[in-house]
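**Q** need coordinates for the following:
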Amino acid sequence: MADWDRSLQQVIVRGSLIVCVHVIALTPVSAQRAEGETRPALTVQLAVDRTDRTYHEDDTLRVTVETNLDCYIRLIYRDAAGQNVVIFPNYQDRNDKVAARRQYPVPTQFGITPPFGRERLHAFVSTEKFPEVASVDRGDGLHVLKEPIEQIMERFRQNGYLGDYAERSIEIVTGPRDHSPTLSSAPPPKPNIELLTPASSEYVIETGEHAVLKGLIRNGEDGITIFVNDRPAQITRTDSGLVFSSKVTVKMGDNPVAIEMRRGDEVLDSKVITIKKTERRFAGQRWAVVIGISDYAHPEITDLHYAHRDAEGFWQFLKSANGGAFADDHIVFLQNSGGSRAAIQNAIFRFLGQVQKEDLVVIFFAGHALSRGSEFSYFITHDTDPYRIEETAFDMRDIGVALENTIKAERVVLFADACYSGAVNDYLKGRRTTSLEQNLINRYLVEMAKARPGIVSLTSSAENEVSGESWIFWEHGVFTFVLLSGLGAEVTNTKGDVKPHESGDKNGDGVVTIGELIDYVNFYVRGYTKHQQNPQINQTGFDMKTPLSVIR
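**A** Numbers count the residues shown, from 1 in each chain. Next up, the predicted model:
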């Protein structure tokens, strides 16, 4: 059974109840009183039908509930075997909401049966309906909770369901018909450790340097202490028992934690759990648009040698396990004649229009670029006409428009290896220019990253600089050569030679983060070009620990 409202299918006959009525009043935060309201806090009273709270085999236990506000109730008991069983509501309780200030006899009646001993009845009341709680049908009409009631309570607190809150306890002793049980004669159960947080012996976290453990010592007595990794834990006495908490320092990997309950030097109970700290797993999907153009259709645009290889190398990296194994249907790869203006616009607006908020988007450009004045920057597409730049090249402002209106991802990484030396021999309106007017495409991408949180841009050079390519750099642009090397990608030339492996993994943890990659690219590109080419980086609200490559 997965929820409270369908907890029992028949009137329950289940006994051997030593019942401790444990009363908890719940008011979710969403239903808390507005400021200025005078509605009283929710309270509850419970009673059983015997003042001495002792029962024999085949006796029937009856419970009465009274609250000061209209509310819902749930009754759960822990039997002598330690199981947490839902006893109310059941199938005959059409409406489990009770009226205020009226004694409500709980219709479920259950008989006392073995095993005998001490048991505890928990009563929950709330002005809001209860959330679902996982349970298992034992086959006899009883539904057993999959976790201790205290863990459920802890989750209610953490999720904000506990507004007004109160606890009470009633203990009941049961025994066979030929024996007269009393609270004093019943043997006290042995104290034991129950974990509340985590609920199991293995605890996995992804962030932070500390984990908080919480637990309960049921039937604990004065003089008991709790040690977590030989350090005393903080203890608070409640009606349920002794609640302890402790903050534990954790490192990456497995962190064994020893919990001991002691009375003096005697160890009464112990547990060992493992807290596992892992790298934060990326929950979203990964998308990429990779563009590299060396071959231009117009004869007056000088072809490049290696821009298409830059894009191909980056595309192969993204598809590799090291690069995240991007799915084929999550990458658009446009190379040479495939890199038309229409194809690029379709990739940026339609293809990346599929992404969701939690996804990661990577965009890579390699090729010619041109800036016109101080405001307009263009990526030169395969079919660009140098006489009609504005109409036939890809306007970089469209990236900004897409990020503002179409691309929903909160994390976007932009790489641009553009503005090669001798980029465009353009005859604009009959006038030949032999150099770029002003290299503003990289500046544009930097400013775009400033304008929207969650974008990081890494471009090959500063404004008024050109980006170089050469066979020396394994037939790549120098920026892309260093970029691929820093990511730990396999770098080859057209002969099939493989460059010796290296990466930007500065701290040696086997992961290259965006921050480490930036440091690597800046250092080596400037070094190789004697500071004639200075990569530009900008980011706003982007986690620089975001991993881009796993090298081992």
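**Q** secondary structure element for the closest residue to residue 259 other than its chain neighbours?
**A** Distances taken as CB to CB, 6 or more residues apart in numbering place residue 271 nearest to residue 259, at 4.7 Å, with adjacent residues excluded. Any C-beta I mention is one placed from the backbone N, CA and C, and that applies to glycine too. Using DSSP states H and E, the secondary-structure element containing residue 271 is strand 266-277.
**Q** please apply the same query to residue 332.
**A** Here residue 332 is assigned to strand 331-335, by DSSP H and E.
**Q** coming back round to it: and the strand holding residue 271, how far out from the chain middle?
**A** Its chain's C-alpha centre and that of strand 266-277 lie 26 Å apart, by CA atoms, centre = their mean, to the nearest Å.
**Q** quick one: list the elements packing against the helix or strand just after it.
**A** Next helix or strand after strand 266-277 toward the C-terminus (DSSP H and E): strand 286-292. Applying 3 or more CB pairs under 8 Å, 6 or more residues apart in numbering; DSSP states H and E, one finds that strand 286-292 contacts helix 307-319, strand 331-335, strand 360-367.
**Q** make TSV out of these and add mean neighbour count, distance to residue 402 and mean pLDDT.
**A** Formatted as TSV, these follow (neighbours: other CB atoms under 10 Å; distance: least, CB to CB, whole Å; pLDDT from 0 to 100):
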stretch	mean neighbour count	distance to residue 402	mean pLDDT
helix 307-319	24	19	95
strand 331-335	21	13	97
strand 360-367	26	10	93
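**Q** out of the ones you listed, which comes closest to residue 348?
**A** For residue 348, the closest of these is strand 360-367, at 7.7 Å, according to CB to CB.
**Q** direction included, what does that closest one pair up with?
**A** strand 286-292 (parallel), strand 411-418 (parallel) (DSSP bridges).
**Q** could I get the full set of helices for this protein?
**A** Assigned by DSSP state H, the helices in the chain fall at 149-158, 307-319, 341-345, 389-392, 397-405, 441-451, 478-486, 514-528.
**Q** against residue 501, how distant is residue 294?
**A** Counting by CB to CB, to the nearest Å, the separation of residue 294 from residue 501 is 26 Å.
**Q** quick one: which of those two has more around it?
**A** Between residue 294 and residue 501, counted using other CB atoms under 10 Å, the more crowded position is residue 294 (22 against 11).
**Q** hang on, the earlier thing: right, and the strands paired with strand 360-367 - which one's nearest residue 370?
**A** Residue 370 lies closest, by CB to CB, to one member of the strands paired with strand 360-367: strand 411-418, at 9.2 Å.
**Q** picking that back up, return the most buried member of the helices of the chain.
**A** The highest mean neighbour count among the helices of the chain, using mean count of other CB atoms under 10 Å, belongs to helix 478-486: a mean of 26.
**Q** residues contacting it, please?
**A** Contact partners of helix 478-486, identified using CB atoms under 8 Å, 6 or more residues apart in numbering, comprise 310, 313-314, 317, 366, 415, 417, 458, 460-461, 467-470, 473-474, 476, 491, 499, 502-504, 512, 516-517, 520-521, 524-525, 528-529, 533, 535.
**Q** at 7 Å instead, please
**A** Counting contacts by CB atoms under 7 Å, 6 or more residues apart in numbering, the residues outside helix 478-486 that touch it are 310, 313-314, 317, 366, 415, 417, 460, 467-470, 473-474, 491, 502-504, 512, 517, 520-521, 524-525, 528-529, 533, 535.
**Q** Serialize the helices of the chain to JSON lines and add fields for distance to residue 170.
**A** Listed next are the helices of the chain as JSON lines, based on distance: least, CB to CB, whole Å:
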{"stretch": "helix 149-158", "distance to residue 170": "15"}
{"stretch": "helix 307-319", "distance to residue 170": "64"}
{"stretch": "helix 341-345", "distance to residue 170": "73"}
{"stretch": "helix 389-392", "distance to residue 170": "83"}
{"stretch": "helix 397-405", "distance to residue 170": "62"}
{"stretch": "helix 441-451", "distance to residue 170": "64"}
{"stretch": "helix 478-486", "distance to residue 170": "67"}
{"stretch": "helix 514-528", "distance to residue 170": "59"}
